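Chemist: This is the structure alone, sequence omitted:
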């Protein structure tokens, strides 16, 4: 990979960092509002990568030197919570719930998410298999909202005769 490609990747990542990071230590109980959006412009001090790096600590030089790894560029669940708070302030409660479900899923390995996605397709699982997935999400990953969503899917699939 040449320097031009690396620079383009870093620019794209930095541009999207308004969806990445964790809140700073100051004022932990304060809720964010629509005035804080977009975070990259209005509250950049809150943004950190999953590994804890701040925006100003991620640059092309560090990428080229190999000092930046994948976790340095992945979203932190607290960033998703910040976006959920902003959505709630805007009256977009369903979107806030989606951000919170996404935050839960940051604890689930990507490979497992893809497996679950495949298993959630109609006619792929029995009701018990779906309930087992829900139990796994809740107990192993503390993904309670996602577990409830899978349980709801199991009930709907049963009613619509879409189980294996």
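Modeler: Noted; the coordinates are in hand. Predicted model, so just to flag it, every value in this text is computed and none were measured.

Chemist: To what extent is residue 140 buried, counted in neighbours?
Modeler: 11 (other CB atoms under 10 Å). Just so you know, the C-beta spots here come from the backbone N, C-alpha and C atoms, and that holds for glycine as well.

Chemist: Regarding it, what is its secondary structure?
Modeler: Recorded secondary structure, residue 140: helix (DSSP: H, G, I helix; E, B strand; the rest coil).

Chemist: Next one: it from residue 36, what distance?
Modeler: As judged by CB to CB, to the nearest Å, residue 140 and residue 36 stand 33 Å apart.

Chemist: what does residue 83 give?
Modeler: 10 Å.

Chemist: Helices of this protein, start to end?
Modeler: Along the chain, counting by DSSP state H, helices occupy 3-16, 39-42, 60-64, 77-89, 93-105, 110-119, 127-141, 144-159.

Chemist: Where among these is average confidence lowest?
Modeler: Comparing mean pLDDT over those, the weakest stretch is helix 3-16, at a mean of 60.

Chemist: So for residue 83 and residue 36, which sits in the more crowded spot?
Modeler: Taking other CB under 10 Å, residue 83 and residue 36 do not tie; residue 83 has more neighbours (25 against 18).
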